[in-house]
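Peer 1: Got a predicted structure here, sequence first:
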Amino acid sequence: MPLDIGFLLPDGRYDLRLQFDGDGCYWFLHPWFTRVQRTTGSYVDLYGDADFHEANGLDALIGAMAEARAAAARRPTEWRVHTGTQLMPVRQELYATVERVEILRSIERFQALLEEAKVSRKTLAFRGD
């Protein structure tokens with residue numbers, strides 16, 4: 001269930017640039033995605049679609065990722081991130097171990113796309129599974 005991230009093209013397709021799987025990286029960023037949703041109405045979701053551009057929440061997403069990067073930089077070398085709750089056959093909380101260096105690398109790649117969207121006035125498209 002990857003989340004595809006790329007630039008919206010004039011014909012409605014998008015130029016895929018980055019993917020987040022439903023793993024620890026996405027779930028580490030999830031609190032910032034929900035904060036952006038509260039202020040913009042657009043949600044970066046593993047299962048849905050969203051578009052961000054200069055008139056629709058791009059600056060909020062840029063600010064949120066700067067905060068997320070700073071938070072990740074303060075974390076230990078490795079930690080566990082809650083990734084969901086299994087309901088059957090027994091209820092169980094699910095976690096993934098993430099590495100600070102990998103989280104920071106993913107955020108930096110994401111921030112580069114955000115900056116490109118801002119400078120070039122492109123729409124950054126998120127396409128969920």
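Peer 2: Arrived safely, thanks for sending.
Peer 1: Quick one: residues contacting the closest residue to Y95 other than its chain neighbours.
Peer 2: Nearest non-adjacent residue to Y95, counting by C-beta to C-beta, 6 or more residues apart in numbering: R80, 4.3 Å away. (Each C-beta comes from the backbone N, C-alpha and C, glycine too.) Taking C-beta atoms under 8 Å, 6 or more residues apart in numbering as the contact definition, R80 lies against 24, 95-98.
Peer 1: max-length helix in this protein?
Peer 2: In the chain, with assignment by DSSP state H, the single longest helix is helix 100-120.
Peer 1: what's the offset of that helix from the middle of its chain?
Peer 2: Chain-centre distance of helix 100-120: 10 Å, with C-alpha atoms, centre = their mean, to the nearest Å.
Peer 1: counting contacts, what elements does the very next helix or strand once past that helix pack onto?
Peer 2: The helix or strand immediately downstream of helix 100-120 is strand 124-127, counting by DSSP states H and E. With contacts taken as 3 or more C-beta pairs under 8 Å, 6 or more residues apart in numbering; DSSP states H and E, strand 124-127 sits against strand 3-8, strand 49-52, helix 100-120.
Peer 1: tell me the secondary structure for R75?
Peer 2: Of the three states, R75 takes coil under DSSP: H, G, I helix; E, B strand; the rest coil.
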